[in-house]
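Novice: A structural model of the following input is requested.
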Amino acid sequence: MRSLFIAFLAVLAITTVDAHAASFDCRKAHSPDETAICESHELSELDAVMGAYWYIYRQLPFLMGMSGVRRDEAGEFLQKRAACGPRVPCLRELYRARIKTLREQISSALDDIKRRDNQ
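Specialist: Numbering: from 1, shown residues only. Presented below is the predicted three-dimensional model:
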């Protein structure tokens, strides 16, 4: 039942993302990567979708020590995003890869929960 609830939240979060809303306040964007995201409809949408997946990923239970791994992964993503600067193709590919990874991690965690629930 819990895994069904988490799956429902995942779908709800993904489908209610505003089509042109970055996951951060564009009025406070100062770095080249943030400015590029705010100026690009496509990047803003990718950022919002990635933010929704990140929110779901953070809510899933994992083994002890995983919060540090999650924090490290987020920090690595932000470093890579900053390294892209204002280059839209670089940012696009980075976001697509991060979204793919988060989807896989969420799917794997939900499968683990389902297996535990069925034991």
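Novice: can you give me the helices for the protein?
Specialist: Counting by DSSP state H, the chain has helices at residues 2-15, 32-39, 41-59, 66-84, 88-117.
Novice: what is the mean pLDDT for the last one?
Specialist: So that's helix 88-117. When pLDDT is averaged along helix 88-117, the result is 91.
Novice: how far off helix 66-84 does it point, in degrees?
Specialist: Interaxial angle, helix 88-117 versus helix 66-84 (axes from the mean of the first three to the mean of the last three CA atoms, to 10 degrees): 170 degrees.
Novice: coming back round to it: Throw the helices of the chain into TSV and include mean neighbour count, thanks.
Specialist: (Glycine included, C-beta is placed from N, CA and C.) Listed next are the helices of the chain as TSV, based on neighbours: other CB atoms under 10 Å:
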stretch	mean neighbour count
helix 2-15	14
helix 32-39	19
helix 41-59	18
helix 66-84	13
helix 88-117	15
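Novice: Throw those helices into CSV and include distance to residue 23, thanks.
Specialist: Below are those laid out as CSV (distance: least, CB to CB, whole Å):
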stretch, distance to residue 23
helix 2-15, 12
helix 32-39, 9
helix 41-59, 3
helix 66-84, 12
helix 88-117, 11
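Novice: for the ones you listed, which one sits closest to residue 26?
Specialist: helix 32-39 (3.7 Å; CB to CB).
Novice: Output the closest one as PDB - backbone C-alpha positions only.
Specialist: Presented in PDB, the C-alpha positions along helix 32-39 are these (Å, rounded to 0.1, in the frame of the first residue of the first chain):
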ATOM      1  CA  PRO A  32      25.300  32.100 -16.200                       C
ATOM      2  CA  ASP A  33      23.700  28.700 -15.900                       C
ATOM      3  CA  GLU A  34      20.800  30.000 -13.900                       C
ATOM      4  CA  THR A  35      20.200  32.900 -16.200                       C
ATOM      5  CA  ALA A  36      20.200  30.500 -19.300                       C
ATOM      6  CA  ILE A  37      17.700  28.300 -17.600                       C
ATOM      7  CA  CYS A  38      15.400  31.200 -16.800                       C
ATOM      8  CA  GLU A  39      15.600  32.600 -20.300                       C
END
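Novice: Brilliant, that's me finished.
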